[in-house]
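Enquirer: Here is my input; please provide its structure:
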Amino acid sequence: MSDKSPVRRQIEKNGLLLIAVAMVVIYWVLDSLTSDQIFARTLIAFFVLAYGLFTQSLINSRREALEEKDRTQQRLIQTESIAAIGQLVAGIAHELNNPLASTSSLIQTNIEILNEQKVKTDIDTELLKDLEFSLKELKRAENIVKSVLGLSRQTQIYVEDVDINANIGDALRVLHNQYKDLGVIIERDFDENLPKVNGNFANLGQVFMNIIKNAIQALPDGKGTIFLKTSYKRETHTVTIECRDTGMGIPDDIVKDIFKPFFTTKVVGSGSGLGLYISHEIIKKHEGLISVSSNPGRGTTFTIDLPVKQGAS
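Expert: Got it, this is the predicted structure:
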């Protein structure tokens, strides 16, 4: 129920028409009461100019309001789409869990039987290699299912005091072997007085690893710079983490899809398409926000906002 008065609602609804009518009345009154036509016309010109400025201002404000409404609707649609797809994926993952486990168990048994044979034929050796490869791929599938099921459960605790700077530092140490031999430059701009956030240290570390790993893989020929920045916004009581790379960027037509499960721009077999989806879900469980902006050919920036723990300064 709107708390605006009926008069105010009518003014907002028919404001331009009312102003036009008022101008006609003013012109009629001035024309009737004064013989100085120059003064009357000058005054009318002033009112016309004011009317034009007011009209343009009103049109601009309404256009901005409509554009913001469209952006909000798009964000809502994206969030609801991700949530719906996430529920579907979690259900499918749960159904896949049992057959994957039983198949892995059977393959493992056959591998053990073949290894126990003292004399192996060429066929046995080839079969053993195939079984070991199959088991490795099944384990990979099981890990994906495990990650999705872990996100679908609400049993994890998110009340640890997490030092974001230390968490990012740990993620860089884990990833060091992946970029130490490449031409990757890591530049850090960390707020030394950054307050801690309520969260799950391991899960947030997974997010930072996913984001930084993607930034490394986005660099052409493994050469470029990754900028990592942390800061505290007092007005919103949030810690902000930025990861910007100098890679190839993300095309405008697919930016909206990057947080969807199984969406990937990598070559087949080099990625599951779950990294950014999992990161999105983890940040959402921390009551934070993750967003991306990209300039094709010049790089991509991921921004994460996390609420600061109550009482932190």
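Enquirer: May I ask you to confirm that Val292 belongs to a strand?
Expert: Yes - judged by DSSP: H, G, I helix; E, B strand; the rest coil, Val292 forms part of a strand.
Enquirer: can you pull the contacts of the closest residue to it other than its chain neighbours?
Expert: Closest residue to Val292 apart from its sequence neighbours, by CB to CB, 6 or more residues apart in numbering: Phe302 at 5.3 Å. Placement of C-beta: from N, CA and C, glycine included. By CB atoms under 8 Å, 6 or more residues apart in numbering, the contact list for Phe302 reads Ile211, Asn214, Ala215, Glu242, Cys243, Arg244, Ile290, Ser291, Val292.
Enquirer: Got the confidence number for Phe302?
Expert: According to the prediction, Phe302 has pLDDT 94.
Enquirer: So it, which state does it fall into?
Expert: Phe302 - assigned by three-state DSSP - is strand.
Enquirer: if we can go back for a sec, buried subset of the contacts of Phe302?
Expert: Buried subset of those (neighbour count, 16 or more other CB atoms under 10 Å): Ile211, Asn214, Ala215, Cys243, Arg244, Ile290, Val292.
Enquirer: Now the element after the host helix or strand of the third one, going C-ward?
Expert: Of the helices and strands defined by DSSP states H and E, Ala215 is found in helix 201-218. Stepping forward along the backbone from helix 201-218, the first helix or strand reached (DSSP H and E) is strand 223-233.
Enquirer: C-alpha coordinates for that next one, PDB please?
Expert: Coordinates of each C-alpha in strand 223-233 appear next as PDB, following Å, rounded to 0.1, in the frame of the first residue of the first chain:
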ATOM      1  CA  LYS A 223      52.600 -14.600 -19.300                       C
ATOM      2  CA  GLY A 224      51.000 -11.600 -17.600                       C
ATOM      3  CA  THR A 225      50.200 -10.000 -14.300                       C
ATOM      4  CA  ILE A 226      47.600 -10.900 -11.600                       C
ATOM      5  CA  PHE A 227      46.700  -8.100  -9.200                       C
ATOM      6  CA  LEU A 228      45.300  -9.100  -5.800                       C
ATOM      7  CA  LYS A 229      43.800  -6.400  -3.600                       C
ATOM      8  CA  THR A 230      42.000  -6.500  -0.300                       C
ATOM      9  CA  SER A 231      40.200  -3.500   1.300                       C
ATOM     10  CA  TYR A 232      37.600  -2.700   3.900                       C
ATOM     11  CA  LYS A 233      34.500  -0.600   3.200                       C
END
